[in-house]
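[1] Take a look and give me a structure for this.
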Amino acid sequence: MSKGRRYEEPKLNLKKVFAVILAIIVIIMSVFIIKGILQRESTKGQISSKTYFAAYKDNKWGVIDENGDTIIQPSYEEMMIIPDNKTDIFLCTYDVNYDTGEYQTKALNSKNEEIFTEYTKIEAISNHDENNNLWYEKNVLKVQKDGKWGIIHFTGETVLDTEYDGIEAMPGIENAILVQKDGKYGVTDGEGRVILDTNYTEITNLGKTNREGFIVKDDTGLYGIVDSSKKVILQNQYQEIEKVYGNDLYVVTQDGTQKVVNNKGEDVLTQGFEQIASILKTKDRGVIYTSGGKYGVMSLAGEVLIEAQYTNLVEAKADIFIATKEDKQGIIDIENTQKVPFTYQSITYNETGDIYIAEDENFNSNILNNLFEVKQTGILIEINKTSGYFELRQNDEYKYYNFKFEEKNKTDILTNHTLFLDKKDNQYGYVDKDGNVVVEYMYDDATEQNEYGFAAVKKDGKWGAINHKGEVVQEPIYNLDDYLIIDFIGRWHLGKDINMNYYNQE
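    Numbering: from 1, shown residues only. Purely as a prediction, here's the structure:
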């Protein structure tokens with residue numbers, strides 16, 4: 001009689017065992033990875049719901065947020081640099097030796113913790129346009145280690161290794177960064193993509209973006225043009241190349257003579273002028289040229305279309321020119337017919353709205369349509385291309401118009417505002433969107449609420465501020481007569497040098 005078994009011996013499923021072990025290993029690794037990431041993230045700049053500004057008080061620099069709260073106590077001798085006011089990265093310069101030019105830098109976050117400590121220097125990549133307006137390259141910083149420079153992202157991720165002798169922005173051009181290595185220059189963008197290799201002794205921009213290409217100088221000492229895809233447009237055979245281009249035409253100097261050539265290097269216009277100032281937008285129309293120190297218009301065939309008789313001439317749109325004569329500006333067409341008389345201090349053309357802004361010596365502006373008719377008059381406060389309106393101060397009131405010259409209600413334009421400036425009996429106050437009085441008519445002057453909820457108010461010659469509820473946050477104590485722009489964040493007022501974009505508290 002056979003002996004029975006109460007149960008079967010289980011067979012070990014090795015595949016399942018290995019799967020379980022592997023899963024446990026993955027979990028353990030994940031824990032360490034996440035822990036590492038969190039530790040690293042704590043040292044990097046973070047995108048914030050706050051907005052940050054440099055602040056100046058008692059001759060020291062710090063940082064405030066959009067509520068006027070102090071983030072970094074003003075304690076530094078040099079201005080705090082904030083590369084992006086939505087990211088909590090604040091760059092400090094200290095131990096400056098003005099005799100030798102030596103200095104130290106560090107980066108702080110909103111917790112006043114030092115970040116990016118593996119580098120000996122951390123700097124924003126500063127840039128400016130032709131009007132000297134300052135900005136910083138987006139999302140990146142230049143850093144130094146062992147005497148060499150590289151680029152990192154705000155997160156700390158390496159964009160370019162620290163192997164360059166120098167890194168700087170190409171003046172006036174966004175997302176085009178000059179890098180230098182072994183005495184030669186190249187161009188990269190903010191993602192580290194190489195636009196031009198470091199093969200040139202000199203590189204300058206041709207146009208106003210990195211898409212138009214670059215004027216490059218090589219070891220021969222001559223200039224050529226290379227586009228952003230590294231394609232050679234003009235060979236390096238010219239003594240000079242001007243930043244004047246259009247319709248595949250370029251202004252160059254060869255053998256001591258300035259001329260216009262096409263993208264094949266063929267001569268197009270070689271005589272009849274002293275200098276070429278610009279190439280007209282309409283294809284094959286011609287150029288603005290100078291002769292005897294005056295400006296005129298010439299066709300590509302050399303025919304004079306407008307005699308050189310103006311002290312300046314700028315093309316506004318096809319066949320329309322803003323001309324200067326005896327220090328006054330007017331508008332003419334390609335037939336040299338006067339469209340707007342020469343009575344204005346300055347005239348500018350806004351392409352988005354297809355309007356002209358003609359300003360007199362008292363800063364009053366006539367706003368003209370494309371038929372050169374005056375449609376509105378006042379002191380121009382703002383042209384908002386994105387929302388399609390302009391703001392004028394007319395008879396001490398602020399009015400808003402779209403580009404069709406239709407007056408718009410403030411509530412339609414300033415949709416995020418809780419208060420709206422109003423005037424009664426020659427005094428200013430504030431109402432809500434329904435017209436209910438929130439702040440009594442008691443101020444001699446005032447501004448609309450800014451995007452952070454504050455408005456500036458003036459009483460007895462002094463300025464202060466109210467918040468989005470109409471509550472006084474800063475009593476009027478500041479004399480700001482010499483300031484171009486009056487603006488407050490809490491108790492802090494905008495500094496006199498608006499290009500520096502800092503707030504001051506006395």
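[2] Flag the shaky bits of this protein, pLDDT-wise.
    1-45, 47-48 (pLDDT under 70).
[3] can you pull the contacts of the residue most central in space within it?
    Nearest to the mean C-alpha position of the chain, by Cα atoms, centre = their mean, lies W135 at 5.1 Å. Neighbour list for W135: 126-129, 174 [criterion: Cβ atoms under 8 Å, 6 or more residues apart in numbering]. All C-beta atoms are positioned from the backbone trio N, CA, C, and that covers glycine.
[4] As a markdown table, these with neighbour count, distance to N109 and secondary structure would be great.
    Below are these laid out as a markdown table (neighbours: other Cβ atoms under 10 Å; distance: Cβ to Cβ, whole Å; DSSP: H, G, I helix; E, B strand; the rest coil):
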| residue | neighbour count | distance to N109 | secondary structure |
| --- | --- | --- | --- |
| S126 | 14 | 21 | strand |
| N127 | 20 | 24 | strand |
| H128 | 13 | 27 | strand |
| D129 | 13 | 29 | coil |
| E174 | 17 | 26 | coil |
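[5] Columns distance to S228 on top of the residues you listed, output as TSV?
    As requested, the contacts of W135 are exported to TSV (distance: Cβ to Cβ, whole Å):
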residue	distance to S228
S126	22
N127	17
H128	21
D129	19
E174	13
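[6] ok so, going back, bridged to the residue nearest to the centre of the chain, which residues?
    N127 (DSSP bridges).
[7] Also I225?
    Beta-bridge partners, per DSSP bridges, of I225: I215, L234.
[8] so it makes contact with F214?
    Yes: look at I225 against F214 with Cβ atoms under 8 Å: they come within range, at 7.0 Å.
[9] These two: which is more packed in?
    F214 (27 against 23; other Cβ atoms under 10 Å).
[10] which residues touch that one?
    Contacts of F214 by Cβ under 8 Å, 6+ apart are 187, 196, 203-206, 225-228.
[11] Check D197 too.
    Contacts of D197 (Cβ under 8 Å, 6+ apart): 186, 230.
[12] secondary structure class for it?
    Secondary structure, DSSP: H, G, I helix; E, B strand; the rest coil: D197 is strand.
[13] and N210, how far is that from T158?
    22 Å (Cβ to Cβ, to the nearest Å).
[14] what about those two, which has more around it?
    Per other Cβ under 10 Å, whichever of N210 and T158 has more neighbours is N210, with 21 against 12.
[15] Touching, that one and V187? I think so.
    Yes: counting by Cβ under 8 Å, N210 touches V187, with 7.5 Å between them.
[16] quick one on the thing from earlier: most neighbours, which of the contacts of F214?
    V187 (26 neighbours).
[17] Which elements pack onto the helix or strand harbouring that one?
    Using DSSP states H and E, the element containing V187 is strand 184-188. Under the contact criterion of 3 or more Cβ pairs under 8 Å, 6 or more residues apart in numbering; DSSP states H and E, strand 184-188 touches strand 177-181, strand 194-200, strand 202-205.
[18] what angle sits between the longest one and strand 177-181?
    Same thing as strand 194-200. Calculated by axes from the mean of the first three to the mean of the last three Cα atoms, to 10 degrees, strand 194-200 forms an angle of 40 degrees with strand 177-181.
[19] Which positions in strand 194-200 come out as buried?
    In terms of neighbour count (16 or more other Cβ atoms under 10 Å), strand 194-200 has its buried residues at 195-196, 198, 200.
[20] and of the helices and strands packed on strand 184-188, who's closest to N59?
    N59 lies closest, by Cβ to Cβ, to one member of the helices and strands packed on strand 184-188: strand 177-181, at 34.0 Å.
[21] Give me the buried positions along that closest one.
    So strand 177-181, judged by 16+ other Cβ under 10 Å, has buried residues 177-180.
[22] just curious, which of those is nearest to K410?
    I177 (41.9 Å).
[23] Now do the contacts for the nearest residue to the closest one once chain neighbours are set aside.
    Take I177 and drop its neighbours on the chain: the residue closest to it by Cβ to Cβ, 6 or more residues apart in numbering is T188, 5.2 Å away. Contact analysis of T188 by Cβ under 8 Å, 6+ apart lists 151, 160, 177, 179, 194-195.
[24] Equivalent analysis for G292, please.
    G292 makes contact with 274, 308 under the criterion Cβ under 8 Å, 6+ apart.
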